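K.L.:
Got a sequence here, can you build the structure:
(one chain, ligands or ions: 1)
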Amino acid sequence: MWFSIAIVWALVMFIMMPLWHVYGKQNPSTETYKVTPADFQKDVDAFIAKYKVGEEKGVPVVAPPPGSDIYLLAKQWSWSPVLKLKKGVTYRLHLSSIDVLHGFSLYPLSINFMVIPDYEYVLTITPTQAGEYYVVCNEYCGLGHQQMVGKIIVE
Ligand code: CUA
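P.N.:
Numbering: from 1, shown residues only. Next up is the predicted model:
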């Protein structure tokens, strides 16, 4: 009986996977591009140089203009830069890793996204609430994994 329940549940989940992808709100629809770690690092460096307004614990704080393309880089074991965004404004968030697999997890909201090296993900986001959000890595990525916490500030 347990075996049958497991089979039926596996089938239900199998059918739900594509349905969740289309109708589920937890799957952000994305644009994905191939990118080399060096090229992504270059784009992030240029972005930081252009809009840097400060520093927090050695991580640059960046205040990009409303509605622009913004960048977040994952590497062992940090997220860079700290993003300062405006409430109610839509941004295009470019996300990639320059070394290993990391997990983007936005706290205290439950937004999760896998960040795989060599791919640049573009998520269209509109922050709806002001506050400080933390980007926690939720994929084990080495010894410093539990210290890998970034920040997004919405004003
Ligand atoms: Cu990055 Cu765990």
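K.L.:
For residue 93, give its distance to the ligand.
P.N.:
17 Å (CB to the nearest ligand atom, to the nearest Å). No exception for glycine: its C-beta is placed from N, CA and C like everyone else's.
K.L.:
these two touch, right, that residue and residue 68?
P.N.:
No - in this structure residue 93 lies outside contact range of residue 68 using CB atoms under 8 Å: 10.4 Å.
K.L.:
Specify which residue of these two has the higher count of neighbours.
P.N.:
residue 93 (20 against 13; other CB atoms under 10 Å).
K.L.:
ok, now which ones touch that one?
P.N.:
Residue 93 sits next to 70, 71, 72, 122, 123, 124, 125 when contact means CB atoms under 8 Å, 6 or more residues apart in numbering.
K.L.:
Make a PyMOL selection of the buried ones in the residues you listed.
P.N.:
Only the buried entries of those go into this PyMOL selection, using 16 or more other CB atoms under 10 Å:
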select buried, resi 70+71+72+123+125
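K.L.:
Next step: the contacts of residue 93 restricted to strands.
P.N.:
70, 71, 72, 122, 123, 124, 125 (DSSP state E).
K.L.:
In terms of helix, strand or coil, where does the nearest residue to the fifth one once chain neighbours are set aside fall?
P.N.:
Pointing back at residue 123 there. Spatial nearest neighbour of residue 123, excluding adjacent residues (CB to CB, 6 or more residues apart in numbering): residue 93 at 4.6 Å. When classified by DSSP: H, G, I helix; E, B strand; the rest coil, residue 93 comes out as strand.
K.L.:
rewinding a little: name the nearest of the ones in strands among the contacts of residue 93 relative to residue 106.
P.N.:
Of all the ones in strands among the contacts of residue 93, residue 106 sits closest to residue 125, with 9.6 Å by CB to CB.
K.L.:
The closest one and residue 94 touch, don't they?
P.N.:
No - counting by CB under 8 Å, residue 125 does not reach residue 94; the two are 11.0 Å apart.
K.L.:
how close does the residue nearest the centre of the chain get to residue 4?
P.N.:
When the chain is reduced to its mean C-alpha position, the nearest residue by CA atoms, centre = their mean turns out to be residue 104, at 4.2 Å. From residue 104 across to residue 4, the span is 38 Å (CB to CB, to the nearest Å).
K.L.:
how near is the residue lying closest to residue 131 once chain neighbours are set aside to the ligand?
P.N.:
Leaving out its chain neighbours, the residue that sits closest to residue 131 by CB to CB, 6+ apart is residue 154, at 5.8 Å. With distances taken as CB to the nearest ligand atom, residue 154 is found 23 Å from the ligand.
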